[in-house]
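> This is the structure alone, sequence omitted:
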Ligand SMILES: Cc1cc2nc3c(=O)[nH]c(=O)nc-3n(C[C@H](O)[C@H](O)[C@H](O)COP(=O)(O)OP(=O)(O)OC[C@H]3O[C@@H](n4cnc5c(N)ncnc54)[C@H](O)[C@@H]3O)c2cc1C
Ligand SMILES: C[S@@+](CC[C@H](N)C(=O)[O-])C[C@H]1O[C@@H](n2cnc3c(N)ncnc32)[C@H](O)[C@@H]1O
């Protein structure tokens, strides 16, 4: 069944205030939404004092049920801005089943001109908000918003976070009892940091009793506006009578937080390394970004155009969830770059080029919402693409192309990132709680943390040599734009892809070669790419005057993709493989065992690799994931997705299959 339209259905009253049609309730008080928010949520959670007390590098995590118009978020951000020191950070996590459409959000937020500095930034980043986890980075990383789009009871169990203050704002309990259940409150308790506080606008007795039963000590307190009384409370701890929630398995648990110097070496300056560097720098880390070449993005991330194409599954797999979250995240980062040169949101059309693909597309069109993807028949597809096509297909209106080096450069431009070019790290050594990067007898750099972001080259280090990464050569062809090819309006994909021109050239890609280790472009692969173009559109072949071009003289470039056996990237902390096998040998006999043995982490060693043929979508959000592992922050992805990408998964599987 096609998901119902995901957006909130609003009515606007005669004062211009939004009201939910589904819940027949208001988003905020008609007397003064601002005063109510400040009183009920900011004051009752003592946020002014708590923001003021945050140290440099400190962080406060707020969780909310019901993001709505984002008014609570914006008020919290404003208060944070007024009272927290420059080096502190605010992390806001909010769950929302029916996100407002961007125009509705704009209309609602226009009600609060005094919040304009903040709402303008939110609106600028409010793009590609699709189901699942969607991370927005605001104010250069000082404020992070993680929206969990979906039903609270489906999303919150997937959250890995320690929440310092809860805002309960899910419409009135009588109108929306689903947001006030014991099951949901147990999730809030599971996620509560020690001493977490909580508040809500309601004083309904059964809500108070259920919250008390979940471990929150609730108190009635005088209300504001129409509200006679409201509730506030503190988390006392998981109630003894209730079975404790399951904790993460030790091999996927968070390593102990690092203390001391926040300095990381990031080895490799492609999309993965630059994203990691950016996410760490935004959190106040010093980053030394080591790259063996003379510039950033010289290998897989060096193509003139890559496609933002979502290869989804209708079955909600970890990969599919990662793709929807990663796509949203990348799209929002791209909003900072120069449209037309660095990227373009021209849309991506995936042709239904055979019956099997048409069937797959029909399933996807059922499983995802219209604004993410929808089917076009042949006429509609041709009208979109501006050229003649052999079939219709699936259109991704927010997709497009990216010049990956521009994305790398933007991410690496932070003043905390020191770019060290011509630095080829041949060896890693551990000395005095530091990781040292060596080139022969030359010490290149050292820091307590190292992130291996060198694609398949990370296998050169003994610590990561067993990660099952494979290189797959790929070649793109550059085709000069013609007057006739200017008609191409969107990226069009079949087995290959072709993009509207960037700076006078179309990129046509890409070949797959599992055996060739040589990166010199070959005429045979140019010919193969042209064959794929023929399948995409004979009309475009004519428009590009391909008959006048010779594969021997065509320009292009080749690079290696780096893939893992399950096609998921490898992102997170790494354990010592041998010690891991010793520690958890019991699993080889019984895979259900969970030995109570801490994971033998390689302290401070992390990986961000294996981005295959979709690094534009997976690498940027992986930078956030890595930073979240390192900082003990809310994860930007569902726990199960973070585990599916965890570096320890391979040694664990080998152990369980008795092959380690
Ligand atoms: C032909 C082709 C077409 C593609 N098309 C698309 C597409 O349309 N859309 C999409 O999303 N993705 C596409 N991809 C995939 C995408 O390009 C990759 O997933 C992404 O670039 C991977 O980024 P990375 O940083 O992991 O690797 P890389 O870009 O390869 O970066 C690794 C960097 O590490 C450096 N390095 C390695 N070891 C060391 C060391 N020891 N010391 C110092 N430096 C080191 C390397 O020099 C390199 O710069 C394509 C890939 C290819 C090859
Ligand atoms: C009162 S509004 C929130 C107001 C908001 N905090 C603000 O600052 O504007 C309640 C929100 O909860 C959302 N909601 C209702 N039921 C939900 C559910 N089961 N899961 C997630 N969100 C839900 C609604 O769509 C609505 O946006």
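Here it is on my side, so go on. Computed from a predicted structure; not experimentally measured. Ligands and ions are numbered 1, 2, ... in the order given.
> Write out the residues of the stretch 101-250 of the chain neighbouring ligand 2.
151-152, 169-171, 176, 178-179 (C-beta under 6 Å from any ligand atom). Where you see a C-beta, it was placed from the backbone N, CA and C, and this is true even at glycine.
> among these, which are in helices?
Among these, the members falling in helices (DSSP state H) are residue 152.
> Of the residues of the stretch 101-250 of the chain next to ligand 2, select the buried ones using a ChimeraX command.
This is the ChimeraX syntax for the buried subset of those, where burial follows 16 or more other C-beta atoms under 10 Å:
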select :151,152,169,170,171,176,179
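> Tell me which two of the residues of the stretch 101-250 of the chain next to ligand 2 sit farthest apart.
151 and 169 (15.5 Å; C-beta to C-beta).
> domain ranges for the protein?
10-235, 251-255+262-298+408-469+565-656, 348-397+471-560 (automatic domain parsing).
> Could you give the average pLDDT over the second one?
It refers to domain 251-255+262-298+408-469+565-656. Averaged over domain 251-255+262-298+408-469+565-656, pLDDT sits at 97.
> Could you tell me the end-to-end distance of that domain?
Counting by C-alpha to C-alpha, to the nearest Å, you get 13 Å between the two ends of domain 251-255+262-298+408-469+565-656.
> Does it reach ligand 1?
Yes. Using C-beta under 6 Å from any ligand atom, domain 251-255+262-298+408-469+565-656 comes into contact with ligand 1 via 267-273, 290-293, 298, 423-425, 453-455, 457, 609, 611-617, 619.
> For ligand 1, see how far away residue 12 is.
Distance of residue 12 to ligand 1, given as C-beta to the nearest ligand atom, to the nearest Å: 40 Å.
> does that residue have beta-bridge partners, and which?
On the basis of DSSP bridges, residue 12 is bridged to residue 18.
> re earlier: most tightly surrounded among the domains of the chain?
Highest mean neighbour count among these (mean count of other C-beta atoms under 10 Å): domain 251-255+262-298+408-469+565-656, with a mean of 21.
> what separates that one from the chain centre, distance-wise?
Computed by C-alpha atoms, centre = their mean, to the nearest Å, the chain-centroid distance of domain 251-255+262-298+408-469+565-656 equals 16 Å.
> One more: stretch 380-395?
30 Å.
> and if you look at stretch 502-510?
On C-alpha atoms, centre = their mean, the centre of stretch 502-510 falls 27 Å from the chain's centre.
> List the contacts of that stretch.
Here stretch 502-510 makes contact (C-beta atoms under 8 Å, 6 or more residues apart in numbering) with 303-307, 341, 344, 401, 403, 474-481, 485, 488, 496-500, 529-530, 532-533, 544, 613.
> From those residues, which land in helices?
Filtering the contacts of stretch 502-510 for helices - DSSP H - leaves 529-530, 532-533.
> hmm, back to that, can you say which of the domains of the chain is nearest to residue 313?
domain 348-397+471-560 (8.1 Å).
> got a list of contacts for the host helix or strand of residue 405?
Element membership of residue 405 [criterion: DSSP states H and E] is helix 404-412. Residues from elsewhere that reach helix 404-412 (C-beta under 8 Å, 6+ apart): 269-271, 274-275, 277-278, 289, 296-297, 301-303, 306, 330, 333-334, 336-338, 341-343, 419, 615-616, 620, 623.
> chain center to it, what's the gap?
For helix 404-412, the distance to the chain centre is 17 Å (C-alpha atoms, centre = their mean).
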